[in-house]
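Undergrad: Give the three-dimensional model of this entry:
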Amino acid sequence: MNTPDTKPAQTENKTSDDEIDLIALAKTLWNGRRTVIKFILIGMVLGLVFALITPKEFIASTVMVPQTSSSTNKLGGLSSLAAMAGVNLGSGSTAESLSPMIYPQIMQSIPFQLELMDSQFKCPDVDQPVSLFDYYTEYEKPGLLGTVKKYTFGLPGLILKAVKGKPDQQPALGDSSRLLSLTEDQDQVRKKISEQISLDINDKDGYITLSSRFNDPLLAAQVAQKAQSMLQEYITKYKLEKAADQLRFVEARFQEKKAEFEEAQKDLALFRDRNKNVSSAIAMTEQEQLQSQYNLAYSVYSELAKQVEQAQIQVKEDTPILTVIEPVRVPLEKSKPNRPLILIIWIFLGGIIGVGTVFGREFYSAVKERWSAE
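TA: Take a look at the predicted model:
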């Protein structure tokens with residue numbers, strides 16, 4: 001039977017066992033210190049090699065603030081009058097503005113990327129400006145790490161590609177077809193561009209950041225600048241198409257009402273010429289009807305004439321603007337690789353593997369001894 005006096009003794013024995021276990025672990029680790037040091041040195045060498053062969057990467061970026069239209073349609077004052085004449089000029093709101101949330105999809109779209117890859121840039125190790133497509137397919141050097149990845153992780157894909165052979169030549173599409181058809185090289189370049197340019201939206205503060213990542217600082221800055229101007233052009237094109245559609249609609253209604261006004265004017269003039277000396281009630285009523293038709297046609301016609309001029313001005317004014325608050329500049333420092341961090345990670349990894357190896361051997365020896373004893 002245990003007495004109260006035995007409890008402190010049990011606690012002391014448990015503490016003593018824990019201390020013995022920790023001392024045993026420390027002793028095992030000390031005995032295997034050569035192994036741990038060996039793996040740390042191996043990790044250091046591998047980390048140094050990996051840090052040196054990792055290609056440099058420079059990031060060029062620009063920060064912009066999109067401006068969205070909040071004005072109302074100037075056709076609103078004419079809507080009720082035009083409705084009387086059978087003309088629908090809309091509900092009084094402008095053509096909806098393009099949400100900034102759509103901007104990344106615009107940059108990732110195939111037409112955008114095809115235009116970007118066909119643009120000319122001053123590329124490293126090339127004497128004259130070349131397109132991104134030519135740079136990727138003819139001039140870009142993958143580097144040692146890229147070559148290693150290509151013939152290790154990418155080896156199954158290379159073998160599969162060699163077995164399949166070249167893809168069949170796609171038939172040429174007629175001019176009337178709008179279907180996009182990319183070659184294999186174009187698709188590969190497009191995927192690279194998708195990985196190297198990005199657009200981040202800050203919903204809280206209301207600004208967007210366009211970034212370009214390349215192994216050359218000047219090329220990164222050039223691509224970021226070009227992508228920024230192209231994004232502005234694509235957004236402007238969308239907005240102006242809306243305004244131009246509205247202008248064409250108003251001009252078409254203007255021509256219709258102009259013809260109706262001229263016809264009403266002619267009918268009223270003819271009636272007056274034929275009934276100069278007639279004072280009957282029927283003639284007076286018919287003249288009043290013609291006069292009313294003329295007045296309505298003239299009112300709609302004159303207002304539409306003003307609206308055509310306003311719509312023409314609106315097409316020029318209604319241009320969305322991306323206000324640049326941080327312009328593109330050539331980066332001075334590389335963003336990758338962080339060589340000290342890479343080296344520390346590999347040294348730490350080597351130490352972990354070394355410690356695991358030491359305790360693994362100890363565990364294996366203990367299991368082997370117990371197995372033999374049984």
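Undergrad: all helices of the stretch 101-250 of the chain, in order?
TA: Secondary structure of the stretch 101-250 of the chain (DSSP state H, counting those that start in this stretch): helices at 103-108, 110-117, 132-134, 143-150, 155-164, 184-196, 217-274.
Undergrad: Tabulate the ones you listed (JSON lines), appending distance to E303, mean pLDDT and mean neighbour count.
TA: All C-beta spots, glycine's among them, are computed from the backbone N, C-alpha and C. Output for the helices of the stretch 101-250 of the chain, formatted as JSON lines (distance: least, CB to CB, whole Å; pLDDT from 0 to 100; neighbours: other CB atoms under 10 Å):
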{"stretch": "helix 103-108", "distance to E303": "37", "mean pLDDT": "90", "mean neighbour count": "16"}
{"stretch": "helix 110-117", "distance to E303": "39", "mean pLDDT": "92", "mean neighbour count": "17"}
{"stretch": "helix 132-134", "distance to E303": "51", "mean pLDDT": "90", "mean neighbour count": "21"}
{"stretch": "helix 143-150", "distance to E303": "66", "mean pLDDT": "54", "mean neighbour count": "14"}
{"stretch": "helix 155-164", "distance to E303": "66", "mean pLDDT": "58", "mean neighbour count": "10"}
{"stretch": "helix 184-196", "distance to E303": "50", "mean pLDDT": "89", "mean neighbour count": "15"}
{"stretch": "helix 217-274", "distance to E303": "9", "mean pLDDT": "79", "mean neighbour count": "17"}
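Undergrad: So which of the ones you listed is nearest A60?
TA: A60 lies closest to helix 217-274 among those, at 4.0 Å (CB to CB).
Undergrad: Output the contacting helices and strands for the closest one.
TA: With contacts defined as 3 or more CB pairs under 8 Å, 6 or more residues apart in numbering; DSSP states H and E, helix 217-274 has these neighbours: strand 58-66, helix 103-108, helix 110-117, strand 120-121, strand 197-202, strand 207-214, helix 281-317, strand 322-326.
Undergrad: what's the angle from the first one to helix 184-196?
TA: Strand 58-66 and helix 184-196 meet at an angle of 70 degrees, taking axes from the mean of the first three to the mean of the last three CA atoms, to 10 degrees as the criterion.
Undergrad: Mean pLDDT per helix and strand in this structure: which one sits at the bottom?
TA: Every helix and strand of the chain was ranked by mean pLDDT, DSSP states H and E. The lowest is helix 76-84, at a mean of 46.
Undergrad: Show me the one of the helices of the stretch 101-250 of the chain that comes nearest A297.
TA: Using CB to CB, the helices of the stretch 101-250 of the chain put helix 217-274 closest to A297, at 4.0 Å.
Undergrad: so how far is K38 from V355?
TA: 12 Å (CB to CB, to the nearest Å).
Undergrad: What is the burial count for A26?
TA: 10 (other CB atoms under 10 Å).
Undergrad: Assumed it was part of a strand.
TA: No. Under DSSP: H, G, I helix; E, B strand; the rest coil, A26 sits outside any strand and is assigned helix.
Undergrad: Just want to know which of V355 and K38 has more residues nearby.
TA: Counted by other CB under 10 Å, V355 and K38 do not tie: V355 has more neighbours, with 17 against 14.
Undergrad: ok now do the more buried one, which residues does it touch?
TA: With contacts defined as CB atoms under 8 Å, 6 or more residues apart in numbering, the neighbours of V355 are 29, 36.
Undergrad: Show me where the stretch 1-150 of the chain dips below the pLDDT cut-off.
TA: 1-20, 68-98, 142-150 (pLDDT under 70).
Undergrad: now the helices of the stretch 101-250 of the chain as TSV including distance to T285?
TA: Listed next are the helices of the stretch 101-250 of the chain as TSV, based on distance: least, CB to CB, whole Å:
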stretch	distance to T285
helix 103-108	61
helix 110-117	62
helix 132-134	76
helix 143-150	91
helix 155-164	86
helix 184-196	73
helix 217-274	11
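Undergrad: between these, which gets nearest to G351?
TA: Once the helices of the stretch 101-250 of the chain are compared by CB to CB, helix 143-150 is nearest, at 24.0 Å.
Undergrad: From V65, how far off is E326?
TA: On the measure of CB to CB, E326 and V65 end up 10 Å apart.
Undergrad: Look at these two and report which has more neighbours.
TA: V65 (15 against 11).
Undergrad: Contact partners for D267?
TA: Neighbouring residues of D267 by CB under 8 Å, 6+ apart: 290, 293-294.
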